[in-house]
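J.: predicted coordinates and the sequence they were generated for:
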Amino acid sequence: MENLLNTKVITQIGILVEDIEKVSQAYASFFGIDIPPIIVTDVAEVAQTEFMGQPSEARAKLAFFDMGSLQLELIEPDHHESTWRNYLNEHGEGPHHIAFVIEGMKEKIQLLNEQGFALQQKGEYTGGRYAYMDTFKELKVLIELLENDN
């Protein structure tokens, strides 16, 4: 059996929420830490967001909690169709993905596609790119690939 990603290090856990301000406060209170800034993903022209192979206007509010070796990402999606919105509508609030930092995004997407894991959504962020692969049937959560430029 091969390691499809060439890593076993989980970088991030993504959790979908309906109210990011409320849930950020809850996490901050629970862990006795500061609330991180809430950011909004870039507009479609900058993020080059694609959902199910089509350009998408989808955006989301994000909050990142650095929890030692793991990052916790809270995601409040807008109303546009996206992996975030559809998953939240179908499954409710809770875990959406586990993320891994990888190299060779195009090759990894192709390799996972060949294994039956379809690309759901991809886009750009400052300093890199992301891709969500549909591993839910087998892994009960999506896999997010993160490729950083540096």
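T.: In hand now; what should we look at?

J.: give me the number of residues near residue 70?
T.: When neighbours are defined as other C-beta atoms under 10 Å, residue 70 has 14 of them. Using the backbone N, CA and C atoms, a C-beta is placed for each residue, glycine as well.

J.: is it true that it touches residue 10?
T.: Yes. With contact defined as C-beta atoms under 8 Å, residue 70 counts as touching residue 10 (6.4 Å).

J.: need the strands for this protein, in chain order.
T.: 12-16, 38-40, 50-51, 54-55, 60-67, 70-77, 94-101, 119-125, 128-133, 142-148 (DSSP state E).

J.: each with direction, which strands does the fourth one pair with?
T.: When pairing is defined by DSSP bridges, strand 54-55 lines up against strand 50-51 (antiparallel).

J.: quick one: contacts of the partner strand?
T.: For strand 50-51, contacts defined as C-beta atoms under 8 Å, 6 or more residues apart in numbering pick out 56, 58, 81, 82, 83, 120, 121, 122, 123.

J.: nearest to residue 105, of the residues you listed?
T.: Among the contacts of strand 50-51, residue 122 lies closest to residue 105 (C-beta to C-beta), at 8.2 Å.

J.: so what pairs up with the closest residue to the closest one other than its chain neighbours in the strands?
T.: Distances taken as C-beta to C-beta, 6 or more residues apart in numbering put residue 131 closest to residue 122, at 4.2 Å, once the chain neighbours are dropped. For residue 131, the beta-bridge partners are residue 122, residue 145 (DSSP bridges).

J.: so residue 131 versus residue 37, what's the distance?
T.: Plainly put, residue 131 is 25 Å away from residue 37 if you go by C-beta to C-beta, to the nearest Å.

J.: of these two, who's got more company?
T.: residue 131 (21 against 9).

J.: quick one: residues contacting the more buried one.
T.: Residue 131 touches 105, 108, 109, 119, 121, 122, 144, 145, counting by C-beta under 8 Å, 6+ apart.

J.: am I right that the fifth one is in contact with residue 55?
T.: Pointing back at residue 121 there. No. Counting by C-beta under 8 Å, residue 121 does not reach residue 55; the two are 11.2 Å apart.

J.: what touches both of these two?
T.: residue 49.

J.: having no further points to raise, I will conclude here.
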